[in-house]
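>>> Kindly generate the corresponding structure for this input.
(chains A, B, C and D)
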Protein chains: 2
Amino acid sequence: MTHDKEPVRQRLIGEATRLFADRGFESTSVQEIVAAAGVTKGAMYHYFDSKDDLLHEIYGRVLRMQMERLTLLADGPGPVAERLHAAAADVVLTTVENLDDSKIFFRSMHLLAPDTRKSVRAERRRYHERFRDLVTEGQREGVFRADTPAEMVVDFFFGSVHHLGTWYSAEGALSGAEVGEHFADLLLTSLRPK
Amino acid sequence: MTHDKEPVRQRLIGEATRLFADRGFESTSVQEIVAAAGVTKGAMYHYFDSKDDLLHEIYGRVLRMQMERLTLLADGPGPVAERLHAAAADVVLTTVENLDDSKIFFRSMHLLAPDTRKSVRAERRRYHERFRDLVTEGQREGVFRADTPAEMVVDFFFGSVHHLGTWYSAEGALSGAEVGEHFADLLLTSLRPK
DNA sequence: GCAAGCATACCGACTGGTCGGTCAAATCGA
DNA sequence: TCGATTTGACCGACCAGTCGGTATGCTTGC
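Numbers count the residues shown, from 1 in each chain, chains lettered A, B, ... in the order given. Below is the predicted model of the structure:
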């Protein structure tokens, strides 16, 4: 049970993610987290400065991973429509595969300390901008309609992605990859010139 | 100051909405709410059973209003594409005009007592179903593409709507009506048959 | 006189965080 | 090689403060 080989720090992050997604950040006590991880509060405060710090770490992990994958796909070869399609489908897939992270992300943002929140927002913004650049690129080339601001298209799409956590279920009929294909399809279609 | 003519009950709901949207449900104490409304806890617990009950009331108001408007537009005259367009633009507009409600809605759902949450979910579901029926209607008529499940189209669209609270600002360049038009446009375009 | 509409005073549970201490492993000096 | 010393990982008891909620009583208007 507790003789899990996974290091304590990882276990704390893992259990915290599960609990935060389930009950929310504020409704989860530090006591519950450390109990779930099979350690005590002393251990947690040995690895993290505060409960906020723990949450910050969760955000950091997600942001790093998503940015990495987007850069890879966006800077890859092929026409812009294909790259956007791939990036869109991929972000849906990784979101579904880390649904707990996603739930926490958009539910708890406002609970972060102001400075932390600012840095998370900035990181998120860079991500959105990279995505938006794909849209504007296609608009310049004329393969995407240009009468809707690229910024709004991105907000439109990521709204859908962020809200996967409220309805998607791994036990449902559709796999993450399938939803990704559908979403990417809807996005690309909505960008078709008239 | 306190001699506001607005009845205490309304004032409590109003201030609670503002505070919940700002700091979140769990980070807002009952003390803060009653202070903002210029009364004491005795007053609040006279009108509401609990803090949860207050939150429930906020959900109820939003749900009732949105359902009412959707029914009016969906059951109205005109071709289905126009009705869907109108309904989509309208829900964006009302969301933007009640942005605090929207923020609370998707951030605090998981904090409701299980029974309450269940009833909110059910109500929300009926709303989605009415919206979805518009999509299937258009698919049957052949004016919308049918290779994407209507259910998913609805989830896709309402993800975007729900997330308006995270990026839309009344001080921004775009009015609620403008965003509504753009969103409805994107939705209708994404449904165009090939 | 009697509800309805509040205020005041208070309770018990629980919170995030601290702090002194333990214990095994690594490092070091001779 | 081996004892001494330091270090990192972690425990468990304990704060001071805050929370949602309640019990009771006053004050109006009818």
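
>>> for chain B, what are the nearby residues on chain A?
Proximity of chain A to chain B (CB under 8 Å from any CB of the partner chain) is limited to residues A:22-27, A:106-107, A:109-111, A:145, A:148-149, A:152-153, A:155-164, A:166-167, A:174, A:179, A:182-183, A:185-187, A:189-192. Where you see a C-beta, it was placed from the backbone N, CA and C, and this is true even at glycine.

>>> Please narrow these to those residing in helices.
By the criterion of DSSP state H, membership of the residues of chain A next to chain B in helices covers A:22-23, A:106-107, A:152-153, A:155-162, A:164, A:166-167, A:179, A:182-183, A:185-187, A:189-190.

>>> Buried among those? Make that a ChimeraX selection.
Selecting in ChimeraX just the buried members of these, where the criterion is 16 or more other CB atoms under 10 Å in any protein chain shown, is done with this command:
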select /A:106,107,152,153,155,156,157,158,159,160,161,162,164,166,179,182,183,185,186,187,189,190
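
>>> Please report the distance of the closest residue to DNA strand D within chain A from A:Phe48.
In chain A, the residue found nearest to DNA strand D is A:Gly42; the distance is 2.0 Å by CB to the nearest atom of the strand. Here the criterion is CB to CB, to the nearest Å. By it, A:Gly42 lies 12 Å from A:Phe48.

>>> More neighbours: which of those two?
Here A:Gly42 and A:Phe48 are compared on neighbour count by other CB atoms under 10 Å in any protein chain shown; more neighbours surround A:Phe48, at 19 against 8.

>>> In contact with the more buried one, which residues?
If a contact means CB atoms under 8 Å, 6 or more residues apart in numbering or on different chains, then A:Phe48 has A:12, A:54, A:57 as its contacts.

>>> Could you rerun that using 7 Å?
Remark: with contacts taken as CB atoms under 7 Å, 6 or more residues apart in numbering or on different chains, A:Phe48 is in contact with A:Leu54.

>>> roughly how far is the longest helix anywhere in chain A from the heart of the chain?
Using DSSP H, we find that the single longest helix of chain A is helix A:114-141. Helix A:114-141 sits 13 Å away from the centroid of its parent chain (CA atoms, centre = their mean, to the nearest Å).

>>> now do stretch A:15-34
Average the C-alpha atoms of stretch A:15-34, do the same for its chain, and the two points are 18 Å apart (CA atoms, centre = their mean).

>>> residues in contact with that stretch?
Taking contacts as CB under 7 Å, 6+ apart, the residues outside stretch A:15-34 that touch it are A:12, A:36-37, A:40-41, A:43-44, A:51, A:54-55, A:58, A:100-101, A:103-104, A:107-108, A:111, B:24, B:26-27, B:110-111.
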